[in-house]
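Visitor: fold the stuff below for me.
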Amino acid sequence: MKTFLKFTALSVVLLILAIGFVSCDEQNECNPIPLNIEDCWAIFGTFAHDSSASIVGKWTLKKAFSGWKGQSCWDYSQCNIIYEFRPDGSLIISGRPAGLPVYHRGNRHSYSIIDLIWPSGTPGVTITYPGIRIGNWEYQLTLSSNEMIISQAAHDGSTFYFVRITTITN
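Guide: Predicted coordinates for the structure are as follows:
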């Protein structure tokens, strides 16, 4: 009976420690630094889309802009949030991105490069933009060899600015 009680007590202690580590881990999210809107927009639109550039590789999130419920901009450059786009169509997101939408959390997502077709404002006329689908979410994509923007700004959504860390070859 004493052995059973010692085992039970040890199990309870280990369980409490495990819960403590998990809850601490959840609290260690990186908190981005707020920026004024002018500093944020200085980054966006500084490069043109290059259709020959490849998204495959590791990218670090630098800034995020949200136009939903008022404008806000955040500097994530110190947060070490990495998006790894793999050749097999999988996306691995690492880091603890506090303040990012829930669909940017978690480890593994699927992605595909797509054409986005949006109305132009003229009846019967559409405009095609380069895009990316991450899971079930679609974004406009602006990609160069070293920079990337994925954006839902046309729908009052967020815009994310990345800088390439590495290129992955097949």
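Visitor: and the pLDDT at the nearest residue to residue 116 once chain neighbours are set aside?
Guide: Take residue 116 and drop its neighbours on the chain: the residue closest to it by CB to CB, 6 or more residues apart in numbering is residue 131, 3.7 Å away. The way it works is simple: take the backbone N, C-alpha and C, and place the C-beta from them, glycine included. According to the prediction, residue 131 has pLDDT 94.
Visitor: and this protein, what are its domain boundaries?
Guide: Following automatic domain parsing, one gets these domains for the chain: 1-30, 33-167.
Visitor: hang on, the earlier thing: for the residue nearest to residue 116, give me its contacts.
Guide: Counting by CB atoms under 8 Å, 6 or more residues apart in numbering, residue 131 makes contact with 113, 114, 115, 116, 138, 139, 140, 141.
Visitor: hmm, back to that, and the domains of the chain, which one's lowest on average pLDDT?
Guide: If you rank those by mean pLDDT, domain 1-30 sits at the bottom with a mean of 40.
Visitor: ok so, going back, how much space separates the residue nearest to residue 116 from residue 137?
Guide: Distance from residue 131 to residue 137, counting by CB to CB, to the nearest Å: 10 Å.
Visitor: between those two, which contacts overlap?
Guide: Joint contacts of residue 131 and residue 137 (CB under 8 Å, 6+ apart) do not exist.
Visitor: so the residue nearest to residue 116, which of the three states?
Guide: Recorded secondary structure, residue 131: strand (DSSP: H, G, I helix; E, B strand; the rest coil).
Visitor: how about the helices in this protein?
Guide: Along the chain, the stretches classed as helices by DSSP state H are 2-27, 37-41.
Visitor: which strand is the longest one in the chain?
Guide: The longest strand of the chain (DSSP state E) is strand 108-119.
Visitor: then that one to CSV, C-alphas only?
Guide: What follows is strand 108-119, C-alpha atoms only, in CSV (Å, rounded to 0.1, in the frame of the first residue of the first chain):
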residue,chain,number,x,y,z
ARG,A,108,1.3,22.7,-40.0
HIS,A,109,-0.9,24.1,-42.8
SER,A,110,-1.3,23.5,-46.5
TYR,A,111,-0.6,26.2,-49.1
SER,A,112,-1.0,26.6,-52.8
ILE,A,113,-0.2,29.4,-55.2
ILE,A,114,-3.4,30.6,-57.0
ASP,A,115,-4.8,33.3,-59.2
LEU,A,116,-7.3,35.5,-57.3
ILE,A,117,-10.0,36.9,-59.5
TRP,A,118,-11.8,40.0,-58.1
PRO,A,119,-14.4,42.3,-59.6
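Visitor: got the buried residues for it?
Guide: Along strand 108-119, these residues count as buried under the neighbour rule (16 or more other CB atoms under 10 Å): 109, 111, 116.
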